[in-house]
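K.L.:
Fold the following, please.
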Amino acid sequence: MSDSDSDAPEELSAQQGLYQDEEIRRIQTDSKARVKREGKELRRLWAQRKTQKESKVTKDVQEVEESGTDKDEDESLISKGMLPSSIVSMLAAREKQVFLSDSEDEKPEAKPRKRKKQKRSGLEPIILDEIPPPQCLQNSLEFLKNRKMRVARSNSVLNNSNQALRFLSNSGLLTRK
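P.N.:
Below is the predicted model of the structure:
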């Protein structure tokens, strides 16, 4: 008997069940909050790394701008086939502006927010008068109308059943055996 008892589910009172349910829900909400926190932290770290890389690039550009603007250096660079530092710094500034404007355009299109579905408790009553008839009902009614039009006498018998019964009884079809 001890073997079968170990396989049986644990028996709880209603109050113990409610307590365990509350505990499970609390643990679930805590874990959801932790996941959100960790996600925010990861995004923040990623953004920091990305801004640090961009700031390094801007520092390099500033260093190039600050480095000698002497005409002697410019002339030596031109003789080597390179652009003067003033033109290089101007081009770098333009590229920086282009990249900033591109990133600003992308931000509004990032993510459309999803709407939460409203939770419904239980079933709601359905009013049958508000539900339109299905298409199969209309199809079957059309079929019956077409069928009636093909067979003329069945239509006349259905419309005037008393008269049809009189015709049959007078002609003697019902009395014959």
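K.L.:
Just the helices from the chain, written as ranges.
P.N.:
2-7, 14-66, 71-80, 85-106, 135-150, 152-159, 161-171 (DSSP state H).
K.L.:
State the mean pLDDT of the shortest one.
P.N.:
Translated: helix 2-7. In this model, helix 2-7 has a mean pLDDT of 59.
K.L.:
do the second one as well
P.N.:
The predicted model assigns helix 14-66 a mean pLDDT of 85.
K.L.:
Which neighbouring elements make contact with it?
P.N.:
Applying 3 or more C-beta pairs under 8 Å, 6 or more residues apart in numbering; DSSP states H and E, one finds that helix 14-66 makes contact with helix 85-106. (C-beta placed from N, C-alpha, C; glycine too.)
K.L.:
what domains does the record give for the protein?
P.N.:
Domain segmentation of the chain under automatic domain parsing yields 14-66, 67-106, 133-171.
K.L.:
got the phi/psi numbers for residue 115?
P.N.:
When read as degrees, to the nearest 10, the backbone of residue 115 gives phi -90, psi 140.
K.L.:
Quick check, pLDDT for it.
P.N.:
Residue 115 is given a pLDDT of 74.
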